[in-house]
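**Student:** when you get a sec, could you give me coordinates for this:
(2 chains)
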Amino acid sequence: MAAPGDPVRRELLALLPRLRRFARALTRNPDEADDLVQNAVERALRNLAAWTPGTRLDSWMFRIMKNAWIDEVRSRSVRDRVLAPEETGLNVGTGGAAEMETHLEAQAARTAMEALPEEQRLVLALVLVEGFSYRETAEMLDVPIGTVTSRLARGRAAIEARLSGRAEGA
Amino acid sequence: MKLTDEELMAYADGEMPAMDAKRVEAAMAEDPPLAARVARFRAVRRALHTAYDSVLTEPVPERLRALLGDVAANEPPPVVDLAVHRDTRKARFGPPAWAAMAASLVVGVLVGHAVLPSNDLLVGDGRYAGADLARVLDTRLASDATNQSAATRIGLTFRANDGQVCRTFSHAAQAETTSGLACRENDRWAVQVAVHGDAQGEFRQAGADAPAILDAVDAMISGEPFDAEQERAGRESNWAVVP
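**Tutor:** Have a look, this model is predicted:
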């Protein structure tokens, strides 16, 4: 077990904002997201010996987080599943119409993400939010790259349809 | 030519080999609805960033920092983590010579290029910030609650090797994003690097943390990026140059 203040812990500390963003994209509310981050960091600390120095720590950590989340989804009760999604990250700016529009678009995007099947949401979070390449994402998920592209295509088309529907209805 | 959503998305994400990308571009030129579809796919990426990037500037809860032995730190995290970027780049590309190469390439290729989306964002052939952008660079702090949801966002602020204060920015307009690095020069903001989100390859991820922009920061920065307190002091001194 590495000591506090060692380089790996410092790197993980620096990764926390990105891990929290990834978790927010996967889950339905900020508390659930931070619980997931906590779970994943605890797992990582227990398994630090499994990380190969010199390889990318972020990919390793995102993979752990993905596993923690899949376990979480599997164990989620039926009661949880039917709960309505909560309003996440509400932060209405004090500015004018443009800022309000940005806020509404962000809210619509979050709602659209929540409506996606988990496997698609995972791919969109890694590729579109976290900026991993298709190949890196395929490696993290242990699936062929074709699976990444097809999940990405379906999930993204669904979100695109919801966002353009909103724009046309406005 | 029939193009699937998967192919159009690979193109929109800069994941397509150059030869195939040329075919898509040719098809788009003849088929405006196709081009519009690509633009909408890019818009989804931007919308998701708008939806989730504000998390990056939130203070990380103590219970998470404490797991990693950091119980003293109270500063909110920087919007863009240069250290993480440096490590990522090392892991991907090896020698740091790559950084200077990429940075100069971007300066050469993109500043003042006709692909810049807004005529008013940059002025003087792309060499200076336009009035609206200059106002944001003058007054906005990365720690402002509205920064992440604004159309023009501030990323890092730092002091360059020559003493000038420089700031990174990211401007979203329609489906495209322009990111850049501007330094205080007399009473103007001189744009050092600008990257347009419509470009391919290295420029694919054109948020405030676009690799090309961070590479330019890395090449110019003296010391560490400003923390929230230094940034505030910088604004109060009107981003004064330190001899």
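**Student:** any idea how far the helix ranked longest in chain A is from the middle of the chain?
**Tutor:** Longest helix in chain A, counting residues (DSSP state H): helix A:145-169. On the basis of C-alpha atoms, centre = their mean, to the nearest Å, the separation between the geometric centre of helix A:145-169 and that of its chain is 16 Å.
**Student:** who does residue B:176 form a beta bridge with?
**Tutor:** Beta-bridge pairing of residue B:176, defined through DSSP bridges, involves residue B:173.
**Student:** correct me if wrong: it contacts residue B:196.
**Tutor:** Yes: because the distance of 6.6 Å satisfies C-beta atoms under 8 Å, residue B:176 is recorded as touching residue B:196. (Each C-beta comes from the backbone N, C-alpha and C, glycine too.)
**Student:** who has more neighbours out of these two?
**Tutor:** Neighbours of residue B:176 and residue B:196, each counted by other C-beta atoms under 10 Å in any protein chain shown, are more numerous for residue B:176; the result is 20 against 17.
**Student:** now do the phi/psi pair for the most centrally placed residue in chain A.
**Tutor:** Nearest to the mean C-alpha position of chain A, counting by C-alpha atoms, centre = their mean, stands residue A:22 at 2.9 Å. Backbone torsions of residue A:22, given as degrees, to the nearest 10, read phi -60, psi -50.
**Student:** just the one 3 residues further on next, same as before
**Tutor:** Per-residue torsions, residue A:25: phi -70, psi -30 (degrees, to the nearest 10).
**Student:** can you get me a residue count around it?
**Tutor:** The burial metric for residue A:25, expressed as a neighbour count using other C-beta under 10 Å, is 25.
**Student:** and the closest residue to it other than its chain neighbours, how far from residue A:156?
**Tutor:** With C-beta to C-beta, 6 or more residues apart in numbering or on different chains as the criterion, residue A:25 has its nearest non-adjacent residue at 3.9 Å, and that residue is residue A:125. Distance, residue A:125 to residue A:156, by C-beta to C-beta, to the nearest Å: 12 Å.
**Student:** do residue B:42 as well
**Tutor:** For residue B:42, the distance to residue A:156 under the criterion C-beta to C-beta works out to 10 Å.
**Student:** now do the contacts for residue A:70.
**Tutor:** Under the criterion of C-beta atoms under 8 Å, 6 or more residues apart in numbering or on different chains, the contact list for residue A:70 reads residue A:118.
**Student:** any stretches of the chain with poor pLDDT?
**Tutor:** Using chain A here. Applying pLDDT under 70 to the predicted model, the residue ranges of chain A that meet it are A:1-5, A:76-96, A:166-170.
**Student:** that's the other chain; I wanted chain B
**Tutor:** Counting by pLDDT under 70, the ranges of chain B that qualify are B:1, B:71-81, B:83-85, B:87-119, B:174-175, B:197-209, B:241-243.
**Student:** check which helix or strand covers the closest residue to chain A within it.
**Tutor:** Per C-beta to the nearest C-beta, the residue of chain B with the smallest distance to chain A is residue B:69, at 2.8 Å. In this structure, residue B:69 sits in neither a helix nor a strand according to DSSP states H and E.
**Student:** my guess is it contacts residue A:9, does it?
**Tutor:** Yes: with contacts counted by C-beta under 8 Å, residue B:69 reaches residue A:9, the gap being 5.7 Å.
**Student:** of the two, who's got more company?
**Tutor:** For residue B:69 and residue A:9, the more surrounded residue by other C-beta under 10 Å is residue A:9, and the numbers stand at 20 against 17.
**Student:** centre of the chain to the strand or helix carrying that one, how far?
**Tutor:** Using DSSP H and E, the secondary-structure element containing residue A:9 is helix A:7-26. With C-alpha atoms, centre = their mean as the basis, helix A:7-26 stands 11 Å off its chain's centre.
**Student:** buried ones in that helix?
**Tutor:** For helix A:7-26, a neighbour-count test (16 or more other C-beta atoms under 10 Å in any protein chain shown) marks A:8-9, A:11-26 as buried.
**Student:** against which helices or strands is it packed?
**Tutor:** helix A:30-46, helix A:57-75, helix A:118-124, helix B:32-52, helix B:62-67, helix B:82-93 (3 or more C-beta pairs under 8 Å, 6 or more residues apart in numbering or on different chains; DSSP states H and E).
**Student:** domain parsing of the chain, as residue ranges.
**Tutor:** Here I'm looking at chain A. Under the assignment named as the TED database, the residue ranges that make up the domains of chain A are A:1-83, A:96-169.
**Student:** I was thinking of chain B, sorry if that wasn't clear
**Tutor:** Split by the TED database, chain B gives B:5-57, B:122-237.
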